[in-house]
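# Got a sequence here, can you build the structure:
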Amino acid sequence: MNLQEIYDAVEHAMMQCQQRNQDPSEIRVCIPIQTVNAVGGTPCADIKSVHKGFDWDNNKLMLYPEKDLSLTNNVSLTNMRKEAKEMGWTAYEVGSLKREIKSLRKQLGDNP
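A predicted model of the protein is given here:
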């Protein structure tokens, strides 16, 4: 997409607001985010600012989100899922050990 295409899309959206008596200042501008098992409206990252680049980025119009976004690929996504699954198991093990320690302390009459 280029700047002219964005300009045309914004102009069209402004016309739609006018036709529907909507206040353009109440229209949220955001970046859709891919998520799993989302319910309701499309999850989005809000845009903090828009700036035309300079120097090496002179030919870019950059949208800056409120929160940092990063790209991921299938390999890193698989690794993150594996780590999350392992951390979940680790949390379960830690909880079990804490319960066992509490039970053993109770048996010994050692209640800290």
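
# and the longest helix for this structure?
helix 74-108 (DSSP state H).

# how distant is that one from the center of its chain?
25 Å (CA atoms, centre = their mean, to the nearest Å).

# list the helices and strands it packs on?
Packing partners of helix 74-108 (3 or more CB pairs under 8 Å, 6 or more residues apart in numbering; DSSP states H and E): none among the helices and strands. Heads up, the C-betas are built off the backbone N, CA and C, glycines and all.

# Please work out how many residues are found near Cys44.
13 (other CB atoms under 10 Å).

# Could you chop this structure up by domain?
According to automatic domain parsing, the chain comprises the domains 3-65, 71-112.

# now those domains as CSV including mean pLDDT?
Formatted as CSV, the domains of the chain follow (pLDDT from 0 to 100):
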stretch, mean pLDDT
domain 3-65, 92
domain 71-112, 79
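
# which phi and psi does Lys48 have?
phi -80, psi -40 (degrees, to the nearest 10).

# Sorry, slip of the keys, the one I care about is Asp68.
phi -60, psi 140.

# Please apply the same query to Arg28.
Dihedral angles (degrees, to the nearest 10) for Arg28: phi -80, psi 130.

# Would you agree it is in contact with Gly41?
No: taking contacts as CB atoms under 8 Å, Arg28 lies outside contact range of Gly41: 9.9 Å.

# Between these two, which contacts overlap?
By CB atoms under 8 Å, 6 or more residues apart in numbering, Arg28 and Gly41 have no common neighbours.

# Tell me how many other residues surround Gln4.
Gln4, neighbours per other CB under 10 Å, totals 8.

# Please report the distance of Met14 from Ile27.
Going from Met14 to Ile27 by CB to CB, to the nearest Å gives 9 Å.

# All good on my end, thank you.
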